[in-house]
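S.K.: This is the structure alone, sequence omitted:
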Ligand code: IVH
C-alpha cells in the first residue's frame, strides 16, 4: 500500500511539473530554472519507479514515447476535416467577400466580423479529450480518415495530456475534439538537419516535411527527440459548453491551457482586415516558424453554418497566401563540405541571385541521393527557394533549358581535404571520410567542442579552429587546454588582448556542467538532449565510460544505435587518451548528485529579475545566479526578491518601484553572493 503522503507528493509534483511545462512551452515564460525543473522530474520518476501503481497516462513522465508500432491504426474523424480555398491577391479576397455577401442578409452583412490567424505550415492534428484526458490524436489523412499517432503526440511538450492545464481555472468538458497544427520552428529545423547530417541520416527539405516525418514516425522514441511544437486553432466538437464564435473558441482553448497563437486577430471591418493581410507579408519573414499565409474566418458560428461548404472547403473561411520565394539561377559547381564526423555534404555554388531581398550564392543539396533523384547537373539552370531564415535550397533543375553541356556530378572517391578514400557505410545515405586525422574533421570537431551548446568557449569559432589546425597547434580537442600563448601571439590578428581573452575563455570552460562535456566530445548520435540524459544518469565520465551497451539501452531516450556508438567511442584508445588529457588539464569530469544535505547556496530561495545592460551578457548573469542557487524570472512581481539593474533599465524598474521590490546593481549582486545572500540595499 502506498501511503497517502506519497500519493499526495506525486500529485503535487505532477501539478508543479505540468504548470512549469506550460509556462515554458506554451507561454514561453518560465518561472524556474532548467535545473529546478529537472529536479522535480527526477523526484517524480524516482517515486514512479518505486511505486509503479501510481503511474497514470497523463503523468509528465509518460511523454518519453512508447514502443515502436508496426503501422498506424486508421481513425475515422467525427466530422470531415475540411481544407481551405486559397486566394493570392486583394482582388481574389474581395471576390470571396462578394460571394459571401450574396448569401447573407443586409443585417447579417453589417454585423460580420473576421478572425485572422497565421496559416502555420505544418501537419494537421486532431486531438480528442475525454473528461479532460488526452485519449487520441490523429493526422488529417484524406479528411475523413486519419492515422492514430497518439503515442507520438504524447511526446509533444506543449500538448496538454490533461486539461485544464492549470487546475481549477475552468472545468474540463466531458468531450472535446480540437484541431491544430504540429510544426517545427525554423531554428529547431536547422538544428535538426545539422544533426541528421552529422549522423549520416536523411535531411529534411523543409520544416513541414520534418514535422510530418516526425509525427508519422513508427518509433515514438524517435519522435520524442524531435523538437515539435503546436498551435491549436479550432474546436471541432465540444460537449457541455456553449461557444458562439471563433474568437470565443480560441479564448476557450487558451484558458484550457492549449497553445493558441497570440498573433490571431479579430477585425470588425473588411477593409481593415484586407489591408492587414496585404501588409503581413513582410511580417511573416520575421516569425520564428514558417507560415505560408493567413487564414481568414468569419467569426460567428451561426453565419458559418448558414454559409456551409463547397466541396471539401468551407465558404466561411479562406487562406490568404503568398507566393513562396523562389528564383531560377545557374548552378556553377557542386562542392563538398567535410563535417566533424567525416560526413561529406554536397552544396551548390550558384550564380548570385536575389531572393526576397537577400543575395544567395550557395545552397544545400542535402546528400548524393538527393542530387541523383532530382537529376541535378552542374551547369543546369536550377530553381532555388529561400523561406525565412531557412538555408536556401536547390529544389529542381529546369530540364527544358539544357544545352547538353551539363555535367553529371559524382561523389569524389577521395576526401577533398585530406585525400584519403571515401566510404559509404551500408544502409546510410551519407559518404564519409574515415581518416580520423583529417584536418577538416579535426577543425569541425574543435569548432563543435567550443560551440555555445557545448563547452561555450567565446572567441573560438570556425575560423580560429581552421587556423589552429592548419598551423599544427592542436591535434585533438584536449590540446586547446595546452595552447602556448607565445605561439598564439605569432598568429596573424592575434594581439595580447585577444590571446588573453581566448585563454581565459578556455580556462573558464574547464568548469562546465557534465552534459556540456559529453555533448562536446562529438560522439556520433550524442547531441545535447542525449548528453543531458547521460549526465543525469551517470554523473561522471568514468561511470559513463564503463557503461555497457545493454545498460545504456535500458535508459529511456537511448536506443541501440546510440548505445553502440557510445561504447564504440570510449573503446577507442585515441579517445581515451583525449579524456585523460582533458582530466589532466583540470576539466571537470563529474558532478555531484544533488542531495538534500548539500550545503546551502548563497542565493537559495531568492528570485531575481534582470533589466538593462550589465557588464556580462545576460545569459552569463543568469548562469551566475543559478549556479549560486537563485532563480531568474522574466517579469517583476511581488515574489521577486531583487531586481538587478544595469545601464538604461526598462519598464521593469518602474514596476519594481511600484511593488516595493528592492533593486541592486551587478556589483551588489556579486557582493550578495560572496556574503552569502544576506541583505542588499533597498531603495
Ligand atoms: S482552419 C475548415 N486555421 O491549413 C477549417 N487551418 O489548407 C480548415 N492550417 O489543412 C482549417 N493554420 O492544416 C486553419 N489557423 C489555421 C491554420 C490552418 C494552418 C492548415 C491546416 C489545413 C490547411 C488548409
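M.R.: Yes, it's here. What you see is a predicted model, and the numbers here were worked out from it, not measured in a lab.

S.K.: Show the contacting residues for residue 8.
M.R.: Residues near residue 8 by C-beta atoms under 8 Å, 6 or more residues apart in numbering: none. To be clear about C-beta, it is placed using only N, CA and C from the backbone, and glycine gets the same treatment.

S.K.: How is it classified with respect to secondary structure?
M.R.: At residue 8, secondary structure determined by DSSP: H, G, I helix; E, B strand; the rest coil is helix.

S.K.: any idea how far it is from the ligand?
M.R.: Residue 8 sits 40 Å away from the ligand, taking C-beta to the nearest ligand atom, to the nearest Å as the criterion.

S.K.: That residue and residue 169, how far apart?
M.R.: Here residue 8 is placed at a distance of 21 Å from residue 169 (C-beta to C-beta, to the nearest Å).

S.K.: which secondary structure elements does the helix or strand of the chain with the lowest mean pLDDT contact?
M.R.: Within the chain, confidence by mean pLDDT, DSSP states H and E is lowest for helix 666-675 among all helices and strands, at a mean of 81. Contacts defined by 3 or more C-beta pairs under 8 Å, 6 or more residues apart in numbering; DSSP states H and E place helix 666-675 against helix 618-627, strand 642-645.

S.K.: Please state the backbone phi and psi of the residue nearest to residue 365 when sequence neighbours are not counted?
M.R.: Closest residue in space to residue 365, ignoring its immediate chain neighbours: residue 346 at 4.5 Å, by C-beta to C-beta, 6 or more residues apart in numbering. Dihedral angles of residue 346 (phi, psi; degrees, to the nearest 10) stand at phi -80, psi 140.

S.K.: I'd guessed residue 346 sits against residue 333; true?
M.R.: No. Contact criterion C-beta atoms under 8 Å: residue 346 and residue 333 do not qualify, at 10.3 Å.

S.K.: returning to that earlier point: among the helices and strands packed on helix 666-675, which is the most enclosed?
M.R.: Among these, ranked by average contacts under mean count of other C-beta atoms under 10 Å, first place goes to strand 642-645 (a mean of 23).

S.K.: who touches it?
M.R.: For strand 642-645, contacts defined as C-beta under 8 Å, 6+ apart pick out 606-612, 614, 621, 636, 652-653, 656, 661-666, 669, 672, 680.

S.K.: Relative to the ligand, how far out is the residue positioned nearest the centre of the chain?
M.R.: Nearest to the mean C-alpha position of the chain, by C-alpha atoms, centre = their mean, lies residue 188 at 3.6 Å. Separation of residue 188 from the ligand (C-beta to the nearest ligand atom): 18 Å.

S.K.: That residue touches residue 214, doesn't it?
M.R.: No. Between residue 188 and residue 214 there is no contact under C-beta under 8 Å: 10.5 Å.

S.K.: now residue 458, nearest residue through space, not along the chain?
M.R.: Closest residue in space to residue 458, ignoring its immediate chain neighbours: residue 505 at 4.6 Å, by C-beta to C-beta, 6+ apart.

S.K.: What is the helix or strand encompassing that neighbour packed up against?
M.R.: Using DSSP states H and E, the element containing residue 505 is helix 496-508. If contacts are counted by 3+ C-beta pairs under 8 Å, 6+ apart, helix 496-508 sits against helix 485-490.

S.K.: Contacts for the helix it packs on next, please.
M.R.: The contact list for helix 485-490, computed with C-beta under 8 Å, 6+ apart, reads 471, 473, 494, 495, 496, 499, 502, 503.

S.K.: Output the below-cut-off pLDDT ranges for the stretch 351-500 of the chain.
M.R.: 356-357, 387-390 (pLDDT under 70).

S.K.: Would you mind naming what in it lies close to the ligand?
M.R.: Neighbours of the ligand within the stretch 351-500 of the chain, by C-beta under 6 Å from any ligand atom: none found.

S.K.: now the helices: where do they sit in the stretch 301-450 of the chain?
M.R.: Along the stretch 301-450 of the chain, counting by DSSP state H, counting those that start in this stretch, helices occupy 301-307, 368-374, 439-450.

S.K.: among those helices, which is the most enclosed?
M.R.: For the helices of the stretch 301-450 of the chain, the largest average neighbour count (mean count of other C-beta under 10 Å) is found in helix 439-450, namely a mean of 23.

S.K.: Quick one: distance of that helix to the chain centre.
M.R.: A distance of 24 Å separates the centroid of the chain from that of helix 439-450, by C-alpha atoms, centre = their mean, to the nearest Å.

S.K.: Who are the packing partners of it?
M.R.: strand 326-338, helix 462-470, helix 514-520.

S.K.: As CSV, the helices and strands packed on helix 666-675 with distance to residue 28 would be great.
M.R.: What follows is these, written out as CSV (distance: least, C-beta to C-beta, whole Å):
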stretch, distance to residue 28
helix 618-627, 16
strand 642-645, 21
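
S.K.: Which phi and psi values does the nearest residue to residue 132 once chain neighbours are set aside adopt?
M.R.: Among residues not flanking residue 132 along the chain, residue 172 sits closest, at 3.0 Å (C-beta to C-beta, 6+ apart). Dihedral angles of residue 172 (phi, psi; degrees, to the nearest 10) stand at phi -70, psi 140.

S.K.: could you measure residue 172 against residue 662, distance?
M.R.: Distance, residue 172 to residue 662, using C-beta to C-beta: 41 Å.

S.K.: How about the contacts made by residue 278?
M.R.: residue 90.

S.K.: now residue 589
M.R.: Counted by C-beta under 8 Å, 6+ apart, residue 589 has contacts 514, 517, 540, 541, 542, 579, 582, 583.

S.K.: ok, 7 Å please
M.R.: By C-beta atoms under 7 Å, 6 or more residues apart in numbering, the contact set of residue 589 is 540, 541, 542, 583.

S.K.: Relative to the ligand, how far out is it?
M.R.: Counting by C-beta to the nearest ligand atom, the separation of residue 589 from the ligand is 48 Å.

S.K.: Next to the ligand, which bits of the stretch 51-200 of the chain? Give me the list.
M.R.: Listed as neighbours of the ligand in the stretch 51-200 of the chain under the rule C-beta under 6 Å from any ligand atom: 82, 83, 84, 117, 119, 120, 124, 140, 181.

S.K.: Make a markdown table from these and add distance to residue 58, neighbour count and secondary structure to it.
M.R.: A markdown table is the format used below for those (distance: C-beta to C-beta, whole Å; neighbours: other C-beta atoms under 10 Å; DSSP: H, G, I helix; E, B strand; the rest coil):
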| residue | distance to residue 58 | neighbour count | secondary structure |
| --- | --- | --- | --- |
| 82 | 30 | 15 | coil |
| 83 | 32 | 14 | coil |
| 84 | 32 | 18 | coil |
| 117 | 28 | 22 | strand |
| 119 | 31 | 22 | strand |
| 120 | 25 | 26 | strand |
| 124 | 23 | 21 | strand |
| 140 | 24 | 20 | coil |
| 181 | 22 | 25 | strand |
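
S.K.: and these as TSV, adding pLDDT and distance to residue 425?
M.R.: Output for those, formatted as TSV (pLDDT from 0 to 100; distance: C-beta to C-beta, whole Å):
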residue	pLDDT	distance to residue 425
82	92	46
83	91	42
84	93	44
117	98	45
119	95	41
120	94	37
124	95	36
140	93	36
181	97	36
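
S.K.: Okay, now the unreliable bits of the chain?
M.R.: Residue ranges of the chain with pLDDT under 70: 65-66, 68, 323-324, 356-357, 387-390, 593-600, 676-683.

S.K.: What residues does the residue in the stretch 551-683 of the chain positioned nearest to the ligand make contact with?
M.R.: Using C-beta to the nearest ligand atom, the single residue of the stretch 551-683 of the chain nearest to the ligand is residue 634, 26.9 Å away. Contact partners of residue 634, counting by C-beta under 7 Å, 6+ apart, are residue 29.

S.K.: Can you tell me how far it is from residue 61?
M.R.: 27 Å.

S.K.: Between the contacts of residue 589, which sits nearest the ligand?
M.R.: For the contacts of residue 589, the minimum distance to the ligand (C-beta to the nearest ligand atom) is 45.4 Å, reached by residue 541.

S.K.: Now the closest one: closest residue in space, sequence neighbours ignored.
M.R.: Leaving aside its sequence neighbours, residue 541 sits nearest to residue 589 (C-beta to C-beta, 6+ apart; 4.5 Å).
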